[in-house]
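[1] predicted model follows, preceded by the sequence.
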Amino acid sequence: MRSMIWLFGLGALVAGCGRTENGDVVVKRPSGVSVQTTQDTLHLPTIGTHQDTVRTPVVGTRTETLVVKKPVIGTKKSVITVPGAKKP
């Protein structure tokens with residue numbers, strides 16, 4: 001029963017929406033008490049990336065005595081690319 005309600009709601013949502021030639025979403029919504037609809041244009045955010053610097057762990061070895069090499073844990077700076085959304 002719930003799935004039918006979700007499908008009906010999704011169908012109603014898709015039936016009232018459209019896209020313009022440049023990719024904006026246009027929503028048809030009822031206006032006032034009459035049966036007419038008003039079109040609203042929604043500007044979608046753009047998804048981009050930016051560079052960020054983080055400290056990542058590094059594992060190495062260091063000679064403790066002549067026989068044993070001791071594991072050593074340290075950090076180093078690494079540059080990563082992070083996704084981000086920009087407002088329209």
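    Nice, I can see it.
[2] got the domain ranges for this structure?
    Following automatic domain parsing, one finds the domains of the chain at 2-42, 46-86.
[3] tell me the average confidence for the first one?
    Spelled out, it's domain 2-42. For domain 2-42, mean pLDDT is 66.
[4] save the domains of the chain as JSON lines, and put in mean neighbour count too.
    Where you see a C-beta, it was placed from the backbone N, CA and C, and this is true even at glycine. Compiled in JSON lines, the domains of the chain are given as follows (neighbours: other C-beta atoms under 10 Å):
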{"stretch": "domain 2-42", "mean neighbour count": "10"}
{"stretch": "domain 46-86", "mean neighbour count": "9"}
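[5] wait, what's in contact with the residue nearest to residue 64 when sequence neighbours are not counted?
    Distances taken as C-beta to C-beta, 6 or more residues apart in numbering put residue 70 closest to residue 64, at 4.1 Å, once the chain neighbours are dropped. Counting by C-beta atoms under 8 Å, 6 or more residues apart in numbering, residue 70 makes contact with 61-64.
[6] just grab the bridge partners of residue 70 for me.
    Applying DSSP bridges to residue 70 gives these bridge partners: residue 62.
[7] can you pull out the strands in this protein?
    Along the chain, the segments classed as strands by DSSP state E run 17-19, 25-30, 37-42, 46-63, 69-86.
[8] wait, what's in contact with residue 50?
    So residue 50 contacts 81-82, 84 (C-beta under 8 Å, 6+ apart).
[9] which one of those residues is nearest to residue 75?
    residue 82 (18.6 Å; C-beta to C-beta).
[10] wait, the closest one touches residue 52, no?
    Yes. Judged on C-beta atoms under 8 Å, residue 82 makes contact with residue 52 at a distance of 4.8 Å.
[11] where does residue 75 land on pLDDT?
    At residue 75, pLDDT is 92.
[12] that one - nearest residue in space that isn't next to it in sequence?
    Using C-beta to C-beta, 6+ apart, the closest residue to residue 75 is residue 55 (4.4 Å).
[13] got it, and residue 18?
    Nearest to residue 18 is residue 26, by C-beta to C-beta, 6+ apart, at 4.9 Å.
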